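> Whatever this is, show me its structure:
(2 chains)
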Amino acid sequence: MKTIVLIGDPNVGKSVLFSRLTGVDVIASNYPGTTVDYSKGRITQRGEHMEVVDAPGTYSLEPTNKAEEVAVSLLDKADVIVNVIDATSLERCLILTLELLERRKPVVIALNMWDEAQHLGFTINVRKLENLLQVPVVPTVAITGEGVKKLVQRLDEARVSERPRLGGEDQVWAEVGHIVRKVQTVAHRHHTFRDRLVDATVKPGTGLLTAAVVLFALFWLVRLVGEGLIRYGVGPLFDLYRMPITVLSDWLGTGFLRDILIGTLIDGKVDFIQSMGILTTGLFVPLGMVLPYIIAFYLALALLEDSGYLPRLATVTDNVFHRLGLHGHGVIPVLLGLGCNVPGVLSARTLETRKQRFIAATLVSVTVPCMAQTAMIFGVLGHYGIHYIVLVFGTLSAVFVLLGLLLNRTTRGECPELFLDIPPYRRPSLLAVTKKTWMRVRWFLAEAVPFLFLGVLIVNILHAVGFLEHLARLMSPFMKVWFGLPGEAVPALLAGFLRKDLAVGMLVPLALTPEQLTIAVTILALYFPCVATFAVLLKELGVKDMLKAAAVMLLTALVVGGTLRIVLIGWAL
Amino acid sequence: MNGKPVTQLRQGELATVVALNGGCEFKRKLRSVGIKEGKTVRMVASHPFSGPLVVEVDGRQITLGRGMAQRIAVAQEQ
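Coordinates of the predicted model:
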């Protein structure tokens, strides 16, 4: 089977084109570095099956980070290269094109964002460009699908360019200039009021103000949508669900099966949070408490990603992140990590050095609570008053900064400067935003629900054999002295390794004071990532650095937990 | 036409790139986003405390660290 690889500069629309070609949904956004790994799909053209691979973006065939390394390594497997270029910045895209042509592999060029180029006053003579490059060039608008069919039809016209080889880089640059002058004319544009408004979002004063407003709006939107979904959506649904589940519970009577499916009755009734059965807590935590906020968060994130604001946010926050050993691009792992730590850690691949990747991955997995956890923290702590929640997140933010400063001092390696290509602002498309939100919600359901069932099952079994009680007794003195928590909180900390949301829920039956609850959820956030994040840390950092990160986590949890205990409860035992 | 670092431009000022003072990799990096000799750049924003700069080339904005920017020599028409 033939392999077709999509290669091009960052943020030219490869992933959108890939989805259009293969029907396989991949996350696409309006900022460079969205794709950090490859995806595969298939197309059939005239009865022939072909594999299509979406690669991360790269400016040249000399990779400068891990994501670009992935892109370049995919080239060797390619039978046909589809070089995606951005018609609005032809000149810079052609550098990679000329490098690719020298590889002597069959190439077809997708001249993407054709509509935007025309809108901005760029006229490109496609026929002339084809003649100069000696490979097919097809104008496309991946977002709407325009030209994609034509691109597929012309795939078998892909050919090895017979252009004479260029000697060295300087010749490549000269040649690019030469080609652009021949094929492109640009209508002169005046600086408009809109441009000035756009500029304001990257300037020091107005930029920070914009960032504050945008982030505030983001959280406001998440709360509004999340609470709305609970009040008018899943809340009433679970009220209806209570009836059949009570009937089932009565019918099952007592015994192991009821303990597993329904769990323990609280005051003679089913309690969706505390009962700890697969059909009660196992369903209610992921669907009734977490899912609404997952939907809300990913909706808000998709709007933010597709607007093109993120690189600007990276620019205005660079000063802060630079002191933590990262640079402005570190804001991306943090934002993604707020949804789920797994993509957060993965996106650290776009950072240039090992030191930066280590710091970003560690900071995200230690101090950034995922949405599942955040939703539960709001759920269990919310009715005691907002100040407890502010305390938890304030603590986590402070630890983020302090740990960053510390890791920056102690980790060997370099912190290169920020270097970012800022895309134009684009109006997010309703369809794209909905689709992206749905994809991420689907992942959550596929990952979280089975793990929650498993977690509930394991907790029940360990409870039945008396292991948890034994452990609670064993750890009780330490927990009391160090964190001011009862030994019974230990099973929750253990369950946190499987799912943090479940773990937070397990704290509810312990009848903790709000202060104890605050300490417990903060330790839960800090001490260890869930197993999924753990696996991705291992993959991205390697054994040695992963162990280092794990040590940092445990130490941080001990220090912060102990400090909070003294501040909130005092020294008294 | 005397070269000075692009960092010395004030917000909104235009200048022409005359030299990229650095190694191969540095030059490649900048040229790949369109910052190269002969191009007109516009200073969009310069962040305080040795923060990054935002310049515009060919209608596209690029954020770059101050250290990098100091090695881009530009000339302004009088």
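
> For residue 51, the count of nearby residues, please.
This is for chain A. By other CB atoms under 10 Å in any protein chain shown, the residues close to A:E51 number 17. Just so you know, the C-beta spots here come from the backbone N, C-alpha and C atoms, and that holds for glycine as well.

> wrong one, I was asking about chain B
B:G51: 21 neighbours (other CB under 10 Å).

> And for it, nearest residue in space, chain neighbours not counted?
Leaving aside its chain neighbours, B:G51 sits nearest to A:N319 (4.5 Å; criterion: CB to CB, 6 or more residues apart in numbering or on different chains).

> secondary structure element for the one you found?
For A:N319, the enclosing helix or strand under DSSP states H and E is helix A:310-323.

> I figured the residue nearest to B:G51 hits B:T63, correct?
No - the criterion here is CB atoms under 8 Å, and A:N319 misses it with B:T63 at 11.9 Å.

> higher neighbour count, the two?
Shown here are A:N319 and B:T63; by other CB under 10 Å, B:T63 has more neighbours (29 against 19).

> Isn't the more buried one up against A:H329?
No - using CB under 8 Å, B:T63 is not in contact with A:H329, being 9.5 Å away.

> Now do the shared contacts for those two.
Shared contacts of B:T63 and A:H329, defined by CB atoms under 8 Å, 6 or more residues apart in numbering or on different chains, comprise A:314, A:418, A:420.

> What residues does the residue in the stretch 101-250 of chain A positioned nearest to chain B make contact with?
For the stretch 101-250 of chain A, the residue closest to chain B is A:K203, as judged by CB to the nearest CB, at 4.3 Å. By CB under 8 Å, 6+ apart, the contact set of A:K203 is B:11, B:44-45.

> Could you single out the nearest of these to A:L402?
Within the contacts of A:K203, proximity to A:L402 (CB to CB) peaks at B:A45, which comes in at 29.1 Å.

> what is the closest one paired to in the beta sheet?
B:V54 (DSSP bridges).

> about what we covered before: of the shared contacts of B:T63 and A:H329, which qualify as buried by neighbour count?
The neighbour-count test (16 or more other CB atoms under 10 Å in any protein chain shown) marks A:314, A:418, A:420 as buried among the shared contacts of B:T63 and A:H329.

> check those residues against chain B, which are close?
Filtering these for proximity to chain B (criterion: CB under 8 Å from any CB of the partner chain) leaves A:314, A:418, A:420.

> circling back: which neighbours do A:N319 and B:T63 have in common?
Common contacts of A:N319 and B:T63 (CB under 8 Å, 6+ apart): B:P52.

> I'd like the average pLDDT over the helix or strand harbouring A:F453.
Assigned by DSSP H and E, A:F453 falls within helix A:430-464. Mean pLDDT, computed over helix A:430-464, is 86.

> just stretch A:412-421 next, same as before
For stretch A:412-421, the mean pLDDT works out to 86.

> what do you get for stretch A:397-407?
For stretch A:397-407, mean pLDDT is 93.

> helices and strands of chain B: which one has the lowest mean pLDDT?
Here the helix or strand of chain B ranked lowest by mean pLDDT, DSSP states H and E is helix B:24-32, holding a mean of 84.

> how many other residues sit next to the closest residue to A:K269 other than its chain neighbours?
If the residues on either side of it in the chain are set aside, A:K269 comes closest to A:T246, at 7.6 Å by CB to CB, 6+ apart. Neighbour count for A:T246, taken as other CB under 10 Å: 14.
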